[in-house]
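Engineer: Provided below are the primary sequence and the corresponding predicted coordinates.
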Amino acid sequence: MIEVVPSFPIGHGARLSLRPPRALTAHQFRALFAVLAGTMWLVASAGWLAGNVFAPAFALLHSAIVAAALRWLWRSGERGESITIDPQVVEVSRSNGNGVETQAIFRAHPYWVRLLIEEEGERISLVSSGRRVEVGSFLGPAERRELARQLQDLLAAASRYR
């Protein structure tokens, strides 16, 4: 998901917040886990009634593994990138999924920043002075094309107002 926030009153810059798309809300994720765990416990109960004394232990282990996998999947969706473009600086920073934004991993003057689009839009990079950072790698193909278009427009606007 690409969220554009105009960051300057005169309209010469913006901040792009990039996040992976999510198919489910938090409530839907909890409901998914409840359905999966409930089904597993139902099958385990039937197995226990049929004489399998280990079925509840395996159901407990299975529920724990599914819960851990779904939690990891949800946390991976919280990562993101922030790209700030204004007439003085282009800055890229990333958050790792726990909500804490890291320091800027790329910082350069917009006049010297070049947008590099490779593999028919599959890889988008910002390049300046031998440094390179790939952006939007977790976005879908249509979102990456939209990101490339927005970056081109914002970089062109920022380098006009140097």
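Structural biologist: Structure received. Keep in mind it's a predicted model, so treat the numbers as computed, not measured.

Engineer: which stretches of the protein have low pLDDT?
Structural biologist: 7-12, 97-101, 161-162 (pLDDT under 70).

Engineer: mind listing the strands for this protein?
Structural biologist: 2-6, 14-18, 80-85, 90-95, 101-108, 114-118, 123-128, 131-135 (DSSP state E).

Engineer: Identify each buried residue in the fifth one, please.
Structural biologist: If I follow you right, that is strand 101-108. By neighbour count with 16 or more other CB atoms under 10 Å, strand 101-108 contains the buried residues A104, F106, R107, A108. Where you see a C-beta, it was placed from the backbone N, CA and C, and this is true even at glycine.

Engineer: quick one, what contacts the residue nearest to E143 when sequence neighbours are not counted?
Structural biologist: Excluding the flanking residues, the one nearest E143 by CB to CB, 6 or more residues apart in numbering is I2, at 6.1 Å. Applying CB atoms under 8 Å, 6 or more residues apart in numbering, we find I2 in contact with L16, S17, L18, G136, L139, E143, E146, L147, Q150.

Engineer: among those residues, which two are most distant?
Structural biologist: S17 and E146 (13.6 Å; CB to CB).

Engineer: quick one: contacts of the lengthiest helix in the chain?
Structural biologist: Looking across the chain with DSSP state H, the single longest helix is helix 26-49. Under the contact criterion CB under 8 Å, 6+ apart, helix 26-49 has outside partners L24, A55, P56, F58, A59, H62, S63, V66, A67, L70, W74.

Engineer: Quickly note the distance from the last one to R131.
Structural biologist: Distance, W74 to R131, by CB to CB, to the nearest Å: 33 Å.

Engineer: Compare neighbour counts for those two and give me the winner.
Structural biologist: W74 (15 against 12; other CB atoms under 10 Å).
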